[in-house]
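Trainee: I need the structure of the sequence given here:
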Amino acid sequence: MQQIHGHEVMEMMINSQKAYTEASLKANIDTKFGEQARFYVCTAENMDSAELVQCLKGKGKFVPAEGGFTTGRSHVCSH
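Mentor: Numbers count the residues shown, from 1 in each chain. Down below sits the predicted model:
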């Protein structure tokens, strides 16, 4: 199964221009990419949506916002 880079999830967040909670982000990821989708980032791979959310959170990729959090282009690494 092909894996999706976490940057695609961050781009989805940026383009939506809305704040998420961990649960709403997971639900949006599952809707957009499918519940069986697997994800990778620079330091981890083969993650499900819940694991990806925790990974991005742990890497400081989320910015607090009213109603939850968002992200920004400055949090997307360039490689």
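
Trainee: drop to CA atoms for contacts and neighbour counts, all remaining ones
Mentor: Fine.

Trainee: element containing the residue nearest the centre of the chain, please.
Mentor: Centroid-nearest residue in the chain: residue 9, 4.2 Å away (criterion: CA atoms, centre = their mean). Secondary structure from DSSP states H and E places residue 9 in helix 6-16.

Trainee: quick one: buried residues of that helix?
Mentor: 6-7, 9-10, 12-13 (16 or more other CA atoms under 10 Å).

Trainee: any low-confidence regions in this protein?
Mentor: Across the chain, the ranges flagged by pLDDT under 70 are 1, 79.

Trainee: which parts of it are strands?
Mentor: Under the criterion DSSP state E, the chain contains strands at 3-5, 38-41, 44-47, 63-65, 68-70.

Trainee: out of the ones you listed, which comes closest to residue 23?
Mentor: strand 68-70 (10.2 Å; CA to CA).

Trainee: quick one on the thing from earlier: how far away is the residue nearest to the centre of the chain from residue 32?
Mentor: Using CA to CA, to the nearest Å, one gets 9 Å for the distance from residue 9 to residue 32.

Trainee: residue 43 now?
Mentor: Distance of residue 43 to residue 32, given as CA to CA: 23 Å.

Trainee: these two - which one has more neighbours?
Mentor: Taking other CA atoms under 10 Å, residue 43 and residue 32 do not tie; residue 32 has more neighbours (12 against 6).

Trainee: dump the strands of the chain to JSON lines, plus distance to residue 56 and mean neighbour count.
Mentor: Converted to JSON lines, the strands of the chain look like this (distance: least, CA to CA, whole Å; neighbours: other CA atoms under 10 Å):
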{"stretch": "strand 3-5", "distance to residue 56": "12", "mean neighbour count": "15"}
{"stretch": "strand 38-41", "distance to residue 56": "9", "mean neighbour count": "19"}
{"stretch": "strand 44-47", "distance to residue 56": "11", "mean neighbour count": "16"}
{"stretch": "strand 63-65", "distance to residue 56": "11", "mean neighbour count": "12"}
{"stretch": "strand 68-70", "distance to residue 56": "11", "mean neighbour count": "18"}
